[in-house]
Structures are given as structure tokens and as C-alpha cells.
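In: sequence-free structure coming up:
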Ligand code: CAA
Ligand code: NAP
């Protein structure tokens, strides 16, 4: 029977590519959606692979409990989680509101607790699992205008390393991917002149492609990556090396 991969925010730019790649690798792929159901269904119809859709607000614990119940009611166990849903609310720190801080921390970091907590015990009991957390180059190096996002994304890898140690003897690996600037709506929302300056600072002189992140996720989900846990994979066109 196919293993089940849950991708949060699978309807977004990177998420869509991750869903496609995991489906091609033989996983049964399910994705959360946050937008109206019709929009998510329209997205699913456009894809050239099968994907199950479940509503979830990853920043809300109760919503994640309901997600687990809905998935179980469909007779599925989650074997792979890609914690991918995320948002930005950029502003220089003095202009950042408390709401901007909370929205980013809860969507990008609390979500790892909210989602992983539902499924990690099932993985350890079955003796196989993969948790793949999407951080960012800006969690590694910090980015002006993103105190909220950089803090949340730095926290992602702390979570990865701690949980990896707890489940390491139970066949479950936990890893981070830290993408650089990838050509999705999130990056295209940056003011053009600011974005051009950022791209000019990337040694490869281009934005990354969602497929280039999906390839790393696919590897980490595979049996080939069985000996890798607590690691942070950078894919950033040389923007930050450490
Ligand atoms: N380094 C140092 N200071 C910077 C800076 C930088 N890179 N960018 C902006 N600033 C400072 C300016 O010097 C200026 O300071 P003063 O007020 O003291 O003169 C101040 O920020 C300007 O801020 P303003 O509020 O006046 O407004 P702005 O229109 O310039 O917007 C901003 C500020 C929202 C931070 C804007 O510069 C911006 O969008 N920057 C890009 C942030 C970024 O990289 N976001 C990534 C989004 S995509 C993503 O997050 C995906 C991922 O993981 C890679
Ligand atoms: P995107 O296209 O904007 O997709 C983000 C996805 O997250 C969307 O599907 C969105 O759903 C979902 N989402 C947002 N808030 C949610 C919530 N509260 N509950 C459930 N789902 C929610 O962005 P992306 O570029 O693909 O980013 C995906 C991940 O990669 C994020 O974690 C991001 O921080 C990270 N990342 C991106 C880049 C980049 O350059 N693009 C670089 C490094 C890291 P709706 O559309 O329904 O709101």
C-alpha cells in the first residue's frame, strides 16, 4: 500500500511542486488548504496527479485536531509530513505590529507543533516516518524587515533538531529544508525594486524554482535518506553558506 504524505499549504507555490514530486514517487498525497474550498478544488482539478484535500488552519491547534480526525475517518495514516504552510508580514521592526508578529509566529512556527503533534505518535508506533520542515535562508542569516519571519524560521530548525533526537530510534527522521528566494507569489509580492536588489545578491543571479525544493523534499522522504536526521538542507543559489 502507498505511504501517505501530508503537505501543509500544498496548494501554494512550493507546496504544489512538492505534492507533484511526491505523487510521482508513489506516495498518496494529501494537502491542506486554507483558502475557500472552491478555490482549492479548482487547484486540484488543474493538477496532473491525484491529491486529497483537507481544510486546515495550521496556526490553530483545534483545526489541526479536526484535520487528524478527518484523515483518520478516511482510513489513512500519515507517514510523511511536509510542514510547508507559511506567510510573511514584512516591515521594519519599529513599524511591525503585534498582530504581524503573532500571525507569522503562529503560522510558521506554532504550526509545527500543531501539525506534528497529531501524527508523530502514529509514525513512531508504526516504526517509520518522515517529518520535513520548510524553513528559509532568512532563518539562517536574518533579514532586515523580517524579525518575525527570521525568528520563526530559525525556530523551525531548533524544533527539527530536538524532535529528531526524541524519535531517532523509532524509524522516524526529522529534517529541515532552508530554501533561498524561490519564484512564488510570496517573493513576487516583494516590491520590484527591492526584489531586483535581492536577486542581484544571489551568486547564481536568479530565483530558485519550486521544483528545486521539491527535489530535496522527495529525497528526504525516501528510504535513501534513512540515515539523515536533524539536518538542515540549504538550497539558495549560493546566497548563504555556513
Ligand atoms: N538592510 C538594512 N536596512 C534595510 C534593508 C536591508 N536589506 N531593507 C530595508 N532597510 C531599512 C532601510 O534602511 C530604512 O531604514 P530607515 O527608516 O532607518 O531609513 C527602512 O528599512 C525602510 O523601511 P520603510 O518602512 O520606510 O519601508 P520600505 O518601503 O523600504 O519597506 C521593507 C521595508 C518591507 C523591509 C522592504 O525593504 C522589503 O520588503 N524588504 C525585503 C524583505 C525581504 O527580503 N522579504 C522576503 C520576503 S519572501 C520570503 O520571506 C521567502 C523567503 O523565505 C526567502
Ligand atoms: P505560497 O505560494 O504563498 O504558499 C503558502 C501556502 O501556505 C499556501 O498554500 C497557503 O494557503 C498556506 N497557508 C498560509 N497560511 C496558512 C494557514 N494559517 N493554514 C494553512 N495553510 C496556510 O508560498 P511559498 O513560497 O510556496 O512558501 C511555502 C513555504 O516555503 C513557506 O513556509 C515559506 O515560508 C517557505 N519559503 C518560501 C520561500 C520563497 O522564496 N518562496 C523561501 C524560503 C522558504 P492559502 O493560499 O490558502 O492561504
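Out: Now that the structure is in, tell me what you want to look at. Since this is a predicted model, take the numbers as computed values, not measurements. Numbering: from 1, shown residues only. Ligands and ions are numbered 1, 2, ... in the order given.
In: from here on, just use CA atoms for contacts and neighbour counts.
Out: Will do.
In: how close does the residue most central in space within the chain get to residue 61?
Out: By Cα atoms, centre = their mean, the chain has its centre lying nearest to residue 84, at 1.6 Å. Between residue 84 and residue 61 the distance is 16 Å, computed by Cα to Cα, to the nearest Å.
In: what's the following helix or strand after the longest helix seen in the chain?
Out: Counting by DSSP state H, the longest helix found in the chain is helix 147-167. Next along the chain after helix 147-167, taking DSSP states H and E as the criterion, comes strand 172-179.
In: list the contacts of that next one.
Out: 123-124, 127-137, 139-140, 156-157, 160-161, 163-164, 167, 213, 216-217, 220, 226, 228-236 (Cα atoms under 8 Å, 6 or more residues apart in numbering).
In: please repeat the previous calculation with a cut-off of 7 Å.
Out: Here strand 172-179 makes contact (Cα atoms under 7 Å, 6 or more residues apart in numbering) with 123-124, 127-137, 157, 160, 163-164, 213, 228-236.
In: what does stretch 1-20 give?
Out: In this structure, residues lying in contact with stretch 1-20 by Cα under 7 Å, 6+ apart are 26-33, 40, 43, 49, 77-85, 184-185, 210-211, 214, 217.
In: hmm, that stretch touching ligand 1?
Out: No. Using Cα under 6 Å from any ligand atom, we find that stretch 1-20 stays clear of ligand 1, coming within 10.7 Å at best.
In: list the buried residues for that stretch?
Out: 4-20 (16 or more other Cα atoms under 10 Å).
In: out of these, list just those in helices.
Out: Members of these lying in helices (criterion: DSSP H): 13, 14, 15, 16, 17, 18, 19, 20.
In: can I get these in TSV including pLDDT?
Out: Output for those, formatted as TSV (pLDDT from 0 to 100):
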residue	pLDDT
13	98
14	98
15	98
16	98
17	98
18	98
19	98
20	98
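In: buried subset of the contacts of stretch 1-20, written for ChimeraX?
Out: Selection of buried members from these for ChimeraX, criterion 16+ other Cα under 10 Å:
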select :27,28,29,30,31,32,33,40,77,78,79,80,81,82,83,84,85,210,211,214,217
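In: so which of the contacts of stretch 1-20 are also by ligand 2?
Out: Okay, of the contacts of stretch 1-20 touching ligand 2 (Cα under 6 Å from any ligand atom), that's 33, 84, 85, 184, 185.
In: possible to save those as JSON lines with distance to residue 191, pLDDT and secondary structure?
Out: As requested, the ones next to ligand 2 among the contacts of stretch 1-20 are exported to JSON lines (distance: Cα to Cα, whole Å; pLDDT from 0 to 100; DSSP: H, G, I helix; E, B strand; the rest coil):
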{"residue": "33", "distance to residue 191": "26", "pLDDT": "98", "secondary structure": "strand"}
{"residue": "84", "distance to residue 191": "23", "pLDDT": "98", "secondary structure": "coil"}
{"residue": "85", "distance to residue 191": "22", "pLDDT": "98", "secondary structure": "coil"}
{"residue": "184", "distance to residue 191": "14", "pLDDT": "97", "secondary structure": "coil"}
{"residue": "185", "distance to residue 191": "12", "pLDDT": "96", "secondary structure": "helix"}
